[in-house]
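In: Provided below are the primary sequence and the corresponding predicted coordinates.
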Amino acid sequence: MRAIEAAIGESETTHYGEIRFAVEAALDPMALLYGRSARERAVEVFSQLRVWDTERNNGVLIYLLLADHRVEIVADRGIHRDVGQPGWEAICREMEHSFRQGLFGQGVVEGIRAVASHLVRHYPASGVNENELPDKPIVL
């Protein structure tokens with residue numbers, strides 16, 4: 001968890017975006033009963049953590065559902081407009097590939113770096129960068 005927090009903090013010195021990482025062991029049984037998806041849960045967490053509430057509309061949530069080794073990325077409209085869903089999906093699939101190989105920590109850090117590369121391209125830091133959201137990963 002410290003490595004994840006450090007990777008987020010380090011990346012945010014290079015861009016004006018905000019990255020949050022949330023991990024959840026499993027969806028709650030009622031959510032499963034009603035057919036709720038990891039994507040729907042990720043959107044809910046994006047809202048709960050207020051990742052959408054950044055000055056430049058460039059917050060990004062990386063959500064990991066451990067039970068399924070499923071990764072979802074939800075991005076605010078500013079950065080999503082620049083990257084698009086296919087760009088986020090590619091990062092998710094790469095992370096999941098690392099997880100299948102048992103490389104969980106490495107997969108997460110590489111995913112953070114991949115998200116950061118988009119943020120650097122579209123929101124490069126050029127001065128003081130206020131940290132709008134916590135870097136610390138959250139366990140749900």
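Out: Sure, I can see it.

In: Show me the helices in the protein, by range?
Out: Assigned by DSSP state H, the helices in the chain fall at 2-11, 29-33, 38-48, 77-100, 104-122.

In: Pick the most deeply packed of the ones you listed.
Out: Sort these by mean neighbour count, taking mean count of other Cβ atoms under 10 Å, and helix 104-122 sits at the top with a mean of 19. (Each C-beta comes from the backbone N, C-alpha and C, glycine too.)

In: Tell me what angle that one forms with helix 77-100.
Out: Between helix 104-122 and helix 77-100, the angle comes out at 160 degrees (axes from the mean of the first three to the mean of the last three Cα atoms, to 10 degrees).

In: Which strands or helices does helix 104-122 pack on?
Out: On a contact count with 3 or more Cβ pairs under 8 Å, 6 or more residues apart in numbering; DSSP states H and E, helix 104-122 meets helix 2-11, strand 18-24, strand 59-65, helix 77-100.

In: Tell me which residues touch the residue nearest the centre of the chain, please.
Out: For the chain, Ile62 is the residue whose C-alpha lies nearest the centre (Cα atoms, centre = their mean; 1.8 Å). Listed by Cβ atoms under 8 Å, 6 or more residues apart in numbering, the contact partners of Ile62 are Ile19, Arg20, Phe21, Ala22, Val71, Glu72, Ile73, Met95, Val108, Gly111, Ile112, Val115.
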